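# Structure here, sequence nowhere to be found:
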């Protein structure tokens, strides 16, 4: 066992601080290059969908125009950070046209050195361009195409403050914290070789990576090269490294800054970002900035040794994210040791051994006592330490024991490492085929999802908005999850949004106008728009007396203030006095005033207005099945319900069709039952009402409806001064232009469902989220 | 009995159209000159409070700068029109500084002819100025100072359409209607003398009215002149008349227009407005416009013979408004007769007789057969007709029988006429003293009122807003009375307002931010503002477990989304686990999330922010009485409750203090009861809570609070981007500037009560309505 800091351990146990010790902030950064359908590096520009390369905080370009960098925000848990990474993976995958994200750290089929497109920046990014061109000259463009994952980590601030009070009361909190992170960094550098062994996943590379590789690979009859025990090309001498292993001080922050500055002053590196050390001390913000580090001290550590793991869709398994976290806790709990030039050289040698020869039987490595002992032994020692730590700290949960067991297995049997598994797979298929095939699988997975990972509890429309915000680089914060209350920020502009459609772009009074059906109708009429004739009643007795007036007519009875169709009764057929009275009673439950409205003929269409545009038009159709001449209704429903867009409890775009009493009753009224076999093409409805929530379908008509109705919808929105609204129009024939009598506007909705237009059952997806964001953020 | 149109009568009875016959539209216009405290014509300009003289639709100037014209909108009932007139009377009276509205048609003490200020208009009103200067030259300024009431009337449009179908199907509706109104106008001209007799109220005039009157009145030892039987100077040869009685055709609209045009062409009058006929045919709009009349036909009749009645605050008794309406119905039901030049001359002679000699015993008048018979007889004949009409039409209600009876009494005994009663009163006091004294009484009445006549069902704040809209000439329409939903229009600008403070100036999201206490706090904190520390819970069980955390502290438990203090519990003293749990249960009833907040020390102040300004600051104090050393609590409450501002059921600015169980219990906790006699100056509280609705007092601190807190309130409003909000701040000492720890912002309210600042219990009235209107309409 390595020497643990017993005083620290005992204090944590005594004060019951284990939970705090395991708290922390996490952030993941991942690069992938884009490739075409043949596995060739894409030479197309960074997609416009992602907005500004400089200012999108989530999606940027790295060295090359075709190298996309995805950056999660700082998250309070690993689950959050990992989910966010998955969302970024999904979003980026779905916004790069017919290209794919290359899942391997080592590059795909590369063109000639000069043809690799260096990232192009708008004028404010001039220094970024220049820097990249210098890197290209110095290291070669191919080497810069190596991609990987950076893992940002910090301990919980409150926990550090408690430690400071106990162990560092004499010094300032800032100094205490700097010293603590330096110790962790030193320990990390010393022991990093084990993580490289366990996570390394770039053991093989395409023949186009090097100048002279083509001939060799041809001789080998393969599209790629691999060395027997190579674990991580990226971490190797041939990988993404400085020209030499620079030794800088990790004894103090001042020393570290001074040494890095000397490297810059000597022209060995252009700036702190070019110091490719395995762990980087960070103040805040994305880029290494020595000034900031000096002023504000260390806020977190950036771990830079992780390869993209092609075996995981997100480039890293969540288990490995946990493993690294446990490892960092171990680094804190380890006793401090000197870490001078000699010790650094040894750590670097261990790094190289793990990288190049790790899986070789009985490869030796330097232990703490600078003796060469088998890597396997030292590795198992460390894993035993981890085991004891979780035991002593009383956190021996399945997650950790499984992690440690599988790590042990990898150490004992190198064929279980990611590197070996990748080599096997490549051998079976070829380098390009293997990686391209899984890239396609991952894309398939991304496109099959309708929810946003880690945000499934939010309304679908809010998930759509967040997804689009991430895409174009508008950063977001959830102020109130239950209420779907977001804060969106782009540059200095801040906007708040509730439930995806409630924004600063509508006025308080517009909402109140739409809420009040009587006032809405008044304003629509004033603009010469057709609305159904209606009478309003403030007394239920008076309303009930009006039965004679409406008898025989098709009518709708609704509360004055309603949204989402609550309290509404529709009579399309003959109705009795009793039914009429009952409908009034229901409506009066929701408002002091009730409208009895003549039912306008035609079909109801929903026009979604955002800004000055009708973004989507759709019709909702009651739950139904279409016959194939063989299956009965029960079976047809089962088939239809298999659609992944159909779920239960409003968390999916569509709901499963139920086979309940109401459906049974409605079929019975048509002389059918669940066993009825509809003819080929016969459509059978299972419900009267067309709500999506009872299995109804949404059918997009945006491109087919006569243009004039869109003008109507916009006029209606303007009448109530709304920027975002759902206009419900009864239309007799959507192919013919409107006149005064062939349509009626029946309602304006102040919180129109956006997701229906994004996930229509039939028809094209409409860019609802983008339109809301444009309304909020475009000038 | 005069010949009634039997076919028409029978049809109305048969078809049961009486209700429709009595429907109609009504509008009243009234002029009053302003006078100073001595009864001298005010020489000050038209008050700025009334905005533009040209564009304020309710309050204008007539001939003179000091002659105010008040115009009601077109109203569907007499009650509405009359109430509106009363409001105009109140508003104008209260906005003319230390001047009074002269309640008499005949002028007050006039200066020299040339010193009477002719109305001055902004540049667009140049033609208005020029016209008035021409009138001054032609008629003299003094004559133009005669003031009166115009009564606009039209029958119900639906009723006229029914008549058209029955009686005029051959001609167009427009021609039918023109002919009908012409008949009514002819009959009115013929019988108008009776209305002059019954309503005339300008029998006496000040000596400064004429050139040579000074000497005469001096001889008489009086400040005024009156002729024995004069009823209406204004309607007489010496009154507001053309230089001759012009005869124009009333046989057809074309004839009428042609004749009036001839008068203009001959230079006898400048335009149609200068034709001072007793009834004017009107298209729409205020001013006589022959073109419009030709194009659109007759929309209503303007009756111009009514004097200001000084015996009524509003210049006319509502009974007389009803009487004129009944009279107009009679004019419709009368058989038509020729009305040529001869008939017009006779009508004019009858007019002069009623005006100059009406009250003379046995004065003769021309009857229908052109015979001279005693006025009394003809008058009683007409009143008998009215009696029979209401009998036959089955509308013999108390209102009408009383009206007819009192009219009969006036005919039988001329001392009962208004003219005679005014003469008596003037004889007792003097012309100036009598009129000035009642002017002061009327002002007193106006200033004692807190509600707006005819709008008592609206919220007080909405009443305030309407009053201020009328004052500055913003026209309004109530879209939904229950919801206090207004449409405000000024020129081409339209604004909608709900509940006085919900406007287009706040965004939908600002409202939603304020509604959500958690989000609000977050935004306030972001701006560096101090808010009470709090924890929020989404599970009641978790919340209940937090008892230990808060035990012993002063806390507030509240639902996340609340306004008006609903669901809030305050614990300032020790509380038990049971009380804590109970408070949580109450709060969770109103929201899924509940806040437990530390109670900030200090007193709570409400800052009303409108636009960029803190318009009012007040503190609400629980129901209380202050002792005088003699009265007990019961008696002190009785005295305090006498304040007319205190009422019951939220229709008054303050509520009466109750002497109920809660008050009894609270006194008991202080060792007191209702019989306790507080010492001189001792303040005894009867309630814990400070709500106005439970008898609390509102105390204005706008001018005393340290300026820095106003900046705080504005900053808080800006943090949530609100234009109208009520910021509740706990302040430890309002005299000292704020620092981070001596205040806390506890709430932002999206629908702050405005009336509290308009009717504070103590302190100055704040111009809340004006500020909202400025926000909405000022550029």
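Cool, got the structure. Since the model is a prediction, treat every value here as computed from it, not as a measurement.
# thought residue A:589 was touching residue A:568?
No. Applying Cβ atoms under 8 Å as the test, residue A:589 and residue A:568 come out as separate, 11.6 Å apart. Just so you know, the C-beta spots here come from the backbone N, C-alpha and C atoms, and that holds for glycine as well.
# Could you measure from the nearest residue to residue A:507 once chain neighbours are set aside over to residue B:498?
In space, not counting the residues next to it along the chain, residue A:507 is nearest to residue B:504; the distance is 4.2 Å by Cβ to Cβ, 6 or more residues apart in numbering or on different chains. For residue B:504, the distance to residue B:498 (Cβ to Cβ, to the nearest Å) stands at 11 Å.
# Of the two, which one has the most company?
For residue B:504 and residue B:498, the more surrounded residue by other Cβ atoms under 10 Å in any protein chain shown is residue B:498, and the numbers stand at 23 against 20.
# Can you name the residues that contact that one?
Taking Cβ atoms under 8 Å, 6 or more residues apart in numbering or on different chains as the definition of contact, the neighbours of residue B:498 are A:509, A:512, B:483, B:484, B:485, B:486.
# re earlier: overlap in contacts, residue B:504 and residue B:498.
Here residue B:504 and residue B:498 have residue A:509 as joint contacts, going by Cβ under 8 Å, 6+ apart.
# So which bits of chain A are right by chain B?
By the criterion of Cβ under 8 Å from any Cβ of the partner chain, the positions of chain A lying close to chain B are A:479-480, A:482-483, A:485, A:495-498, A:502-513, A:516, A:518-519, A:522, A:538, A:592-593, A:721, A:750.
# So which of the contacts of residue B:498 sit within strands?
When the contacts of residue B:498 are checked against strands using DSSP state E, the ones located there are B:485, B:486.
# and residue A:263, that's in a helix?
Yes. Following the definition DSSP: H, G, I helix; E, B strand; the rest coil, residue A:263 is counted among the residues of a helix.
# so it sits right up against residue A:269, yeah?
Yes. Between residue A:263 and residue A:269 a contact is recorded at 5.1 Å, counting by Cβ under 8 Å.
# Overlap in contacts, these two.
Taking Cβ under 8 Å, 6+ apart as the contact criterion, the common neighbours of residue A:263 and residue A:269 are A:246, A:275.
# Point out where the stretch 301-450 of chain A drops to low pLDDT.
The model of the stretch 301-450 of chain A has no residue with pLDDT under 70.
# Strands along that one, start to end?
Listed in chain order, the strands of the stretch 301-450 of chain A (DSSP state E, counting those that start in this stretch) span A:364-366, A:372-374.
# Any idea which helix or strand in chain A has the lowest mean pLDDT?
Ranked by mean pLDDT, DSSP states H and E, the weakest helix or strand in chain A is helix A:213-220, scoring a mean of 78.
# could you say what helices and strands the helix or strand just after it packs with?
Where DSSP states H and E defines the elements, the next helix or strand beyond helix A:213-220 is strand A:224-226. Applying 3 or more Cβ pairs under 8 Å, 6 or more residues apart in numbering or on different chains; DSSP states H and E, one finds that strand A:224-226 contacts strand A:204-206, helix A:213-220, helix A:418-429.
# Between helix A:418-429 and whichever helix in chain A runs longest, find me the angle.
With DSSP state H applied, the helix covering the greatest number of residues in chain A is identified as helix A:173-199. Between the axis of helix A:173-199 and that of helix A:418-429 there is an angle of 40 degrees, by axes from the mean of the first three to the mean of the last three Cα atoms, to 10 degrees.
# pLDDT averaged over helix A:173-199, what's the number?
Per-residue pLDDT over helix A:173-199 has a mean of 96.
# Need the three-state assignment for the residue in the stretch 251-400 of chain A that chain B sits nearest to.
With Cβ to the nearest Cβ, the shortest gap between the stretch 251-400 of chain A and chain B falls at residue A:284, namely 17.6 Å. Using three-state DSSP, the structure places residue A:284 in coil.
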